[in-house]
Each structure stands twice: as C-alpha cells, then as structure tokens.
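Q: Here is the input, now give the coordinates:
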Amino acid sequence: MRFGPVTCCWWYYWNGANSADKGDHGGVDYLPWWLNQVNWMDTINGARTLDVFDIHAYADANTTGLTTAQLQALSASVYRDYWDPTYVSTSGTSTRSTPPALSPTETIPSAFRA
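A: Numbers count the residues shown, from 1 in each chain. Below you'll find the predicted structure:
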C-alpha cells in the first residue's frame, strides 16, 4: 500500500509544506494540485502510484473549563468539519477558517459519501 502525501493540519491542505506551494501552482490549493499531479503521472506512465490519500487534521478548540460531557460532545462533533457545510466549527483550523476569506466548504463532498 502506498500512502501520500501524509500531511498534517489544514494549513497544508491549502498552502503546502513551504507556504509557497499555492502561489507556485497558479493559486490552486496544494492537495488538489498534488492529486492532479499524481493522476497526470499515473496516466502518462500507465501505473497507479497512490493507494491511500492521507491527510491529518485535528481540531484545536479551546477546551478550558469544559465538563466531561462537553468534551465528549465536542469530540463527537469535530468530524462534521469534514462533511457538513452547515456546521459552525469550534476549531481555529477548520475548513471554514483556513484561509478565512473562503466560504464554508465540504472537505468530503456529498457525492463521495455513502
């Protein structure tokens, strides 16, 4: 199994590892650009090079003073950042706040959810 690109944090979704990747790639967000490059090279070479698309993103909500029940509710809700365009995230690094100029998005579009 081949994994890639194995990044962490929403920042890398948009900007890449060196903070200049988006600018270097015509303003296209880093991960969509990266996947396009993999697909392009696979098409040229006639071989599949990626089995698992791997990106990690973690919520960074302020948990100070929360009860156990509130922490559990927060833990259960943070995954909505990935798929629910109506969810108002508690995370400062969610799909809705990085970059802040963009409107809410679905990281996993509804067309890809079962």
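Q: What are the contacting residues of the helix or strand containing residue 7?
A: Using DSSP states H and E, residue 7 falls within strand 3-8. When contacts are taken as C-beta atoms under 8 Å, 6 or more residues apart in numbering, the neighbours of strand 3-8 outside the stretch itself are 13, 17, 31, 34, 38, 50-58. Bear in mind the C-beta positions are built from the backbone N, C-alpha and C, glycine included.
Q: next structured bit after that strand?
A: With elements assigned by DSSP H and E, the helix or strand that comes after strand 3-8 is helix 9-15.
Q: Direction included, what does the strand holding residue 7 pair up with?
A: Strand 3-8 has its sheet partners listed here by DSSP bridges as strand 52-56 (parallel).
Q: Give me the secondary structure label for residue 78.
A: Secondary structure assignment for residue 78 (DSSP: H, G, I helix; E, B strand; the rest coil): helix.
Q: which is the next helix or strand following the helix or strand of the chain with the lowest mean pLDDT?
A: Ranked by mean pLDDT, DSSP states H and E, the weakest helix or strand in the chain is helix 9-15, scoring a mean of 73. The C-terminal neighbour of helix 9-15 among helices and strands, as given by DSSP H and E, is helix 21-24.
Q: which element follows that next one toward the C-terminus?
A: Tracing the chain past helix 21-24, the next element assigned as helix or strand by DSSP H and E is helix 30-45.
Q: So for that next one, mean pLDDT?
A: Computed over helix 30-45, the mean pLDDT rounds to 90.
Q: Would you mind measuring the gap between the ends of stretch 41-52?
A: The separation between the terminal residues of stretch 41-52, taken as C-alpha to C-alpha, to the nearest Å, is 16 Å.
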